[in-house]
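Chemist: Okay, here's the prediction I keep looking at, along with the sequence it came from:
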There are 2 protein chains.
Amino acid sequence: MNRQEIISQIKTKASFLCIGLDPDIQKIPSHLLKGEEPLFAFNKAIIDATHDLCVAYKPNLAFYESCGLEGWKAFEKTVRYIREKDPTQFIIADAKRGDIGNTAEMYARSFYESLPIDAVTLAPYMGKDSVQPFLSYPGKWAILLALTSNRGSADFQMLEDAQGERLFEKVLRRSSDWGDEFSMMYVVGATQGSLLQDVRKLVPRHFLLVPGVGTQGGSLKEVARYAMNDDCGLLVNASRQILYASKEEEFAQAARQEAMKLQQEMQTYLKALWG
Amino acid sequence: MNRQEIISQIKTKASFLCIGLDPDIQKIPSHLLKGEEPLFAFNKAIIDATHDLCVAYKPNLAFYESCGLEGWKAFEKTVRYIREKDPTQFIIADAKRGDIGNTAEMYARSFYESLPIDAVTLAPYMGKDSVQPFLSYPGKWAILLALTSNRGSADFQMLEDAQGERLFEKVLRRSSDWGDEFSMMYVVGATQGSLLQDVRKLVPRHFLLVPGVGTQGGSLKEVARYAMNDDCGLLVNASRQILYASKEEEFAQAARQEAMKLQQEMQTYLKALWG
């Protein structure tokens, strides 16, 4: 899915919402556990109830891999189901991979060729050759971790060099030579609102994938204010707030309500941007 | 497996060899492709032929995940087979994971509770809370990427702060508060021999997992000279050099020859150390 198609979906749906499909077997409604394939059943219900309100889904691989074979099956099935249900969705495998060239190539092949996945999140620590294999597929995206929303992000991402440039800024600056706004995006944690301006100085045109809104405490308003560009340039992710809005049988309806709240707030920001 | 048990195995086998189980479907002997479960069949033959010469096996998850469900099955089967065949082997899941706290916990559970895995490789970019969940299992290990052996390692790992400290040194220094030499190891690429001394200044007691010997050009001699400590403190990994020593039916025998070359060289260094 290319940049123009993403922007066009944001316009059509008046939403830049990405829903994180992170099904935790200890949190999903208990009635699902009695059936077959509870993870997939949970995701399917969420997707059915929300796909008109969001432009992207982001399954986090950890939640699937932690269930072994069954989890991996649920991941593949979920990805294929999204594509089938709503072909306009941008599908992000939140994998946070980062490995040497030949290994990175295998990952790229696996995500982009065997599955209908549009983008993969990647860790920058191993540098250019760990990212490059993900940039050679037309219409596919590498989404690089720049500034994450967890507490530990301060341990290394905020470290400064002699010129006062912080590591996350270095990651943004250096990697913007590797790919452009048509092939790369960045993960920028919303809990660090004031830093969004610093990010935009370095990557004014790129899309940002912003986690940390909702349960993690980030403010959607601040993100829209400081990080939106002329093309919107944002995919804001929410996971737990939507997925676990209710543990009862009507969980999918409750999830829809939460997604709609976010979509409606987004709509006002998009209206201010595009009229 | 605790630190003393690892050292004791190194003594018993006169080896600090780790074999990287990275089966590439495009490189394994073609006769295996006709049978069932070619990845597992390949690994099994390699394990049978080499387990008395090495103290650790390190399957790289990418090689399995890139084959989807079948790959995941081969990974689980391989790990269980190693434990069954030779319970003294240290099993490293080379996963290079790094994710926020609750996600990291899921990964830790998956690797340490569902499978007989002793250690997981982790990326440091997201900081302490992405590593900590891996440190709370007695007898299990977190192996943190410090200095990798690929070209891109220079992009960020070598960046200096105002005091001249490089990022990989910061990673070593900060993280050595998170765990100690009984729960943490570091990945330190052997292709950067002269840097091993700098690493040892910061983490004199920790075990180092050293990739990059063999196909990637690192010298075992240099590694032993600059990075060995009183307890050996090294696991040196070789993958392609051993796995693809031959593409013929006797590939496992050829793999054994290569492993033995390395083991015999290691034996001389251990003799110099321990007599």
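Modeler: The structure has been received and is ready for your questions. Residues are numbered from 1 along each chain as shown, chains lettered A, B, ... in the order given.
Chemist: give me the residue from the stretch 151-275 of chain A nearest chain B.
Modeler: A:Gly152 (2.5 Å; CB to the nearest CB). In short, each C-beta sits where N, CA and C put it, glycine included.
Chemist: Go ahead and confirm that residue touches B:Pro133.
Modeler: No - counting by CB atoms under 8 Å, A:Gly152 stays clear of B:Pro133, with 11.3 Å between them.
Chemist: Show me the common contact partners of the two, please.
Modeler: Residues touching both A:Gly152 and B:Pro133 by CB atoms under 8 Å, 6 or more residues apart in numbering or on different chains: B:Gly101.
Chemist: What distance do you get for the residue lying closest to A:Glu248 once chain neighbours are set aside to A:Tyr64?
Modeler: Counting by CB to CB, 6 or more residues apart in numbering or on different chains, the nearest residue to A:Glu248 once its immediate chain neighbours are dropped is A:Pro29, at 6.5 Å. According to CB to CB, to the nearest Å, A:Pro29 and A:Tyr64 sit 18 Å apart.
Chemist: contacting residues around the residue nearest to A:Glu248?
Modeler: Per CB under 8 Å, 6+ apart, neighbours of A:Pro29: A:Phe42, A:Ser246, A:Lys247, A:Glu248, A:Glu249, A:Phe251.
Chemist: could those residues go into TSV alongside secondary structure, pLDDT and neighbour count?
Modeler: Output for those, formatted as TSV (DSSP: H, G, I helix; E, B strand; the rest coil; pLDDT from 0 to 100; neighbours: other CB atoms under 10 Å in any protein chain shown):
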residue	secondary structure	pLDDT	neighbour count
A:Phe42	helix	98	26
A:Ser246	coil	95	15
A:Lys247	coil	91	12
A:Glu248	coil	92	11
A:Glu249	coil	92	11
A:Phe251	helix	97	22
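Chemist: can you put these in JSON lines and add distance to B:Gln267?
Modeler: JSON lines is the format used below for those (distance: CB to CB, whole Å):
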{"residue": "A:Phe42", "distance to B:Gln267": "54"}
{"residue": "A:Ser246", "distance to B:Gln267": "63"}
{"residue": "A:Lys247", "distance to B:Gln267": "59"}
{"residue": "A:Glu248", "distance to B:Gln267": "64"}
{"residue": "A:Glu249", "distance to B:Gln267": "65"}
{"residue": "A:Phe251", "distance to B:Gln267": "61"}
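Chemist: How many residues are close by the nearest residue to the residue of the stretch 151-275 of chain A closest to chain B once chain neighbours are set aside?
Modeler: Once flanking residues are discounted, A:Gly152 sits nearest to B:Gly127: 2.5 Å by CB to CB, 6+ apart. B:Gly127 has 24 neighbours, counted by other CB atoms under 10 Å in any protein chain shown.
Chemist: which residues does B:Gly127 contact?
Modeler: B:Gly127 touches A:Asn150, A:Arg151, A:Gly152, A:Ser153, A:Ala154, A:Asp155, A:Phe156, A:Gln157, counting by CB under 8 Å, 6+ apart.
Chemist: Can you say which of the residues you listed are buried?
Modeler: A:Asn150, A:Gly152, A:Ser153, A:Asp155, A:Phe156, A:Gln157 (16 or more other CB atoms under 10 Å in any protein chain shown).
Chemist: so the last one makes contact with A:Leu167?
Modeler: Yes - when contacts are counted by CB under 8 Å, A:Gln157 is listed as touching A:Leu167 (5.2 Å).
Chemist: quick one: which helix or strand includes A:Leu69?
Modeler: helix A:68-85 (DSSP states H and E).
Chemist: mind listing what's buried in that helix?
Modeler: Buried residues in helix A:68-85 (16+ other CB under 10 Å): A:Gly68, A:Gly71, A:Trp72, A:Lys73, A:Ala74, A:Phe75, A:Glu76, A:Thr78, A:Val79, A:Tyr81, A:Ile82, A:Arg83.
Chemist: same question, stretch A:43-60
Modeler: Buried residues in stretch A:43-60 (16+ other CB under 10 Å): A:43-47, A:49-51, A:53-60.
Chemist: So that stretch, near chain B or not?
Modeler: Yes - applying CB under 8 Å from any CB of the partner chain, one finds stretch A:43-60 in contact with chain B at A:Asn60.
Chemist: so how far is that stretch off the chain centroid?
Modeler: 12 Å (CA atoms, centre = their mean, to the nearest Å).
Chemist: The closest residue to A:Leu195 other than its chain neighbours: neighbour count?
Modeler: Nearest non-adjacent residue to A:Leu195, counting by CB to CB, 6+ apart: A:Leu147, 6.1 Å away. By other CB under 10 Å, 28 other residues sit near A:Leu147.
Chemist: Which strand residues bridge A:Leu147?
Modeler: A:Val188 (DSSP bridges).
Chemist: which ones are touching it?
Modeler: A:Ser153, A:Gln157, A:Phe168, A:Val187, A:Val188, A:Gly189, A:Gln192, A:Leu195, A:Val199.
Chemist: buried set for the helix or strand of chain A with the lowest mean pLDDT?
Modeler: When the helices and strands of chain A are compared on mean pLDDT, DSSP states H and E, helix A:101-113 comes out lowest with a mean of 89. In terms of neighbour count (16+ other CB under 10 Å), helix A:101-113 has its buried residues at A:Gly101, A:Thr103, A:Ala104, A:Glu105, A:Met106, A:Tyr107, A:Ala108, A:Ser110, A:Phe111, A:Tyr112.
Chemist: For the first one, which non-adjacent residue is closest in space?
Modeler: What that stands for is A:Gly101. A:Asp129 (4.3 Å).
Chemist: what's the answer for A:Arg173, then?
Modeler: A:Leu202 (5.5 Å).
Chemist: Now the closest residue to chain B within the stretch 1-150 of chain A: phi and psi?
Modeler: Using CB to the nearest CB, A:Gly127 is the residue of the stretch 1-150 of chain A that sits closest to chain B, at 2.5 Å. A:Gly127 has phi and psi values of phi 80, psi -170 when expressed as degrees, to the nearest 10.
Chemist: per-residue pLDDT, it?
Modeler: pLDDT for A:Gly127: 95.
Chemist: quick revisit: what element comes up after the least confident helix or strand of chain A heading to the C-terminus?
Modeler: strand A:119-122.
Chemist: Fine by me, we can end here.
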